[in-house]
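Participant: Structure, please.
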Amino acid sequence: MLDEKETLRLIRAAKEGDAAAKETLLTHNTPLLKSILRRYLNKGVEYDDLFELASMGLLKAIHGFDERFGVRFSTYAVPMIAGEIKRFLRDDGSVKVSRALKRTAREISAYIERYTQEHGKEPTVKEVASAFAIDESEVVFALGSSRMPVSIYEEAPHKDGNLSPIADRLASPETPEELLDKVLLKQAIERLPEREKKIVVLRYFRDMTQSEVAQVVGVSQVQVSRIESKILSHFREELSG
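Facilitator: Residues are numbered from 1 along each chain as shown. Next comes the predicted model:
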């Protein structure tokens, strides 16, 4: 395993599009991936597929890691890797996210909002973990496991306690940068082959699970997961370029 200083250097490089840095991070974290996926053997998923899911989780951790979190990368990555596998199994009906976990995620989100209002900045993962007397990895996993409302017209509590549609709180008008991103994203989707385009629409505009998309498209859930990961990576490269 790499030391933390080298890991952070490679993460910065990977975020800037350095494919070699990303590959190095994957290679040197292989023992970590294997140690995590062992927990999910004998669940009806092939070892190679579990390894690929774990690798996707690591790549998401690289993309989402922020040094301001104040935690080691491995602390952040472990629940992200496990979460990627659990989401796959959950969508397939093998694992369900408990009500207690969802409740914890809501409570943590409310705490972060209150803390931000009071201090003018977001709390670190360590501060949240301390406030709830849980491990830092549990904080990351709880937030990663929660799903936001599927409709922007759904009513939700505002900070004053009153209910209002989520759409009413969205910033408007859009900035030129946001409009440009939308145009670029639409163009990127239009250039996709028909099957990939269908997967994007079903997953992100119809809010279907990977299992549901697999049934519609006529492929396995693992294939949907692979295709989705490839598309998202391609989109990030196009939008950042």
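
Participant: Can you name every helix or strand that the helix or strand hosting E118 contacts?
Facilitator: For E118, the element it lies in under DSSP states H and E is helix 99-119. The helices and strands touching helix 99-119, judged by 3 or more C-beta pairs under 8 Å, 6 or more residues apart in numbering; DSSP states H and E, are helix 125-132, helix 136-145. The C-beta positions use only the backbone N, C-alpha and C, and glycine is treated the same way.

Participant: To E67, which of the ones you listed lies closest?
Facilitator: Checking these against E67 by C-beta to C-beta gives helix 125-132 as the closest, at 11.7 Å.

Participant: got the contact list for that closest one?
Facilitator: 69-71, 75-76, 104, 107-108, 111-112, 115, 123, 135-136, 138-140 (C-beta atoms under 8 Å, 6 or more residues apart in numbering).

Participant: By neighbour count, sort out the buried ones in those.
Facilitator: Among the contacts of helix 125-132, those scoring as buried are 69, 71, 75-76, 104, 108, 112, 115, 123, 136, 138-140 (criterion: 16 or more other C-beta atoms under 10 Å).

Participant: Out of these, which comes closest to K60?
Facilitator: Y76 (10.5 Å).

Participant: pLDDT score assigned to that closest one?
Facilitator: Confidence at Y76, expressed as pLDDT, is 86.

Participant: I'd say it and V140 touch.
Facilitator: Yes: using C-beta atoms under 8 Å, Y76 is in contact with V140, at 5.8 Å.

Participant: quick one on the thing from earlier: need the winner for burial among the helices and strands packed on helix 99-119.
Facilitator: By mean neighbour count, with neighbours taken as mean count of other C-beta atoms under 10 Å, helix 136-145 ranks first of the helices and strands packed on helix 99-119 at a mean of 21.

Participant: Tell me how far V216 lies from P193.
Facilitator: With distances taken as C-beta to C-beta, to the nearest Å, V216 is found 16 Å from P193.

Participant: These two: which has the busier surroundings?
Facilitator: Applying other C-beta atoms under 10 Å to V216 and P193 shows that V216 carries more neighbours, namely 14 against 9.

Participant: Surely that one forms part of a strand?
Facilitator: No: applying DSSP: H, G, I helix; E, B strand; the rest coil, one finds V216 to be helix, outside a strand.

Participant: Okay, the closest residue to it other than its chain neighbours and E228: tell me how far apart.
Facilitator: Among residues not flanking V216 along the chain, L202 sits closest, at 6.2 Å (C-beta to C-beta, 6 or more residues apart in numbering). L202 is 10 Å from E228, where distance means C-beta to C-beta.

Participant: And stretch 35-50, what's buried?
Facilitator: Buried residues in stretch 35-50, defined by neighbour count with 16+ other C-beta under 10 Å: I36, L37, Y40, V45, D49, L50.

Participant: Lowest-confidence entry in the residues you listed?
Facilitator: The member of these with the lowest pLDDT is V45, at 80.

Participant: Sweet, I'm off.
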